[in-house]
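Enquirer: this is the structure alone, sequence omitted:
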């Protein structure tokens with residue numbers, strides 16, 4: 001009689017395979033259900049951290065993989081204050097959000113609005129205590145856009161040194177402005193020479209501690225004229 005060979009069932013390899021499948025299933029379930037633990041926001045000034053988190057739709061710390069980084073960035077960029085956003089994932093269910101905002105250039109007294117560096121006007125009273133430059137009078141339409149473009153090219157710390165802006169055109173210079181600085185000095189400037197105001201901190205020592213008027217509408221930098229008032 002012939003002996004019938006019985007097939008051996010390889011129990012251990014099969015068991016290992018099943019355990020591996022179960023392991024990956026458990027990992028998948030964990031990753032699907034794990035929630036955001038940390039959110040770090042960087043470089044924001046106009047919007048606080050909580051406002052950024054609310055815009056991102058992460059305020060309830062949802063499942064970590066519910067939103068893609070692109071979707072989060074797109075949500076935040078809906079804000080008028082936000083120019084660009086970059087979102088990164090990090091260890092321990094963490095999101096890192098890097099925000100680039102538009103600058104606030106001035107407060108427009110006639111309309112009660114803040115003007116952003118992209119020209120957009122914002123109705124809000126949340127910045128009332130921050131002391132942005134105040135445009136106190138009307139600027140003609142043909143000058144206004146150019147004025148905003150030129151103001152946007154100023155260094156941020158220079159903009160912060162301006163207290164008041166008054167449009168003061170003359171018969172020969174339709175783009176002339178008078179600036180009142182926080183230190184008490186006055187600056188006459190026009191749209192052609194506006195960027196020369198970036199040299200203000202280098203020119204001011206010429207006043208030797210006095211208060212005066214600087215004429216940047218007729219000169220540039222160290223060559224500018226100035227008058228001592230006191």
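Expert: Nice, thanks for sending it over. These numbers come from a predicted model, not from an experiment.
Enquirer: let me see the contact set for the residue nearest to the spatial centre of the chain.
Expert: For the chain, residue 101 is the residue whose C-alpha lies nearest the centre (Cα atoms, centre = their mean; 1.4 Å). Shown in contact with residue 101 (Cβ atoms under 8 Å, 6 or more residues apart in numbering): 43-47, 81-83. Yep, even glycine has a C-beta here, placed from its N, CA and C like the rest.
Enquirer: what are the ranges of the helices in the protein?
Expert: Assigned by DSSP state H, the helices in the chain fall at 11-33, 49-55, 69-76, 141-152, 156-159, 200-203.
Enquirer: and residue 36, what does it touch?
Expert: Residue 36 neighbours (Cβ under 8 Å, 6+ apart): 58, 61-64, 93-95.
Enquirer: how close does it sit to residue 116?
Expert: Applying Cβ to Cβ, to the nearest Å, the value for residue 36 to residue 116 is 30 Å.
Enquirer: could you do residue 167 as well?
Expert: 19 Å.
Enquirer: compare these two (neighbour count), which wins?
Expert: The residue with more neighbours, out of residue 167 and residue 116, is residue 116; 21 against 18, by other Cβ atoms under 10 Å.
Enquirer: ok, the more buried one - contacts?
Expert: By Cβ under 8 Å, 6+ apart, the neighbours of residue 116 are 80-81, 102-105, 122.
Enquirer: which among the residues you listed gets closest to residue 112?
Expert: Among these, residue 122 lies closest to residue 112 (Cβ to Cβ), at 10.2 Å.
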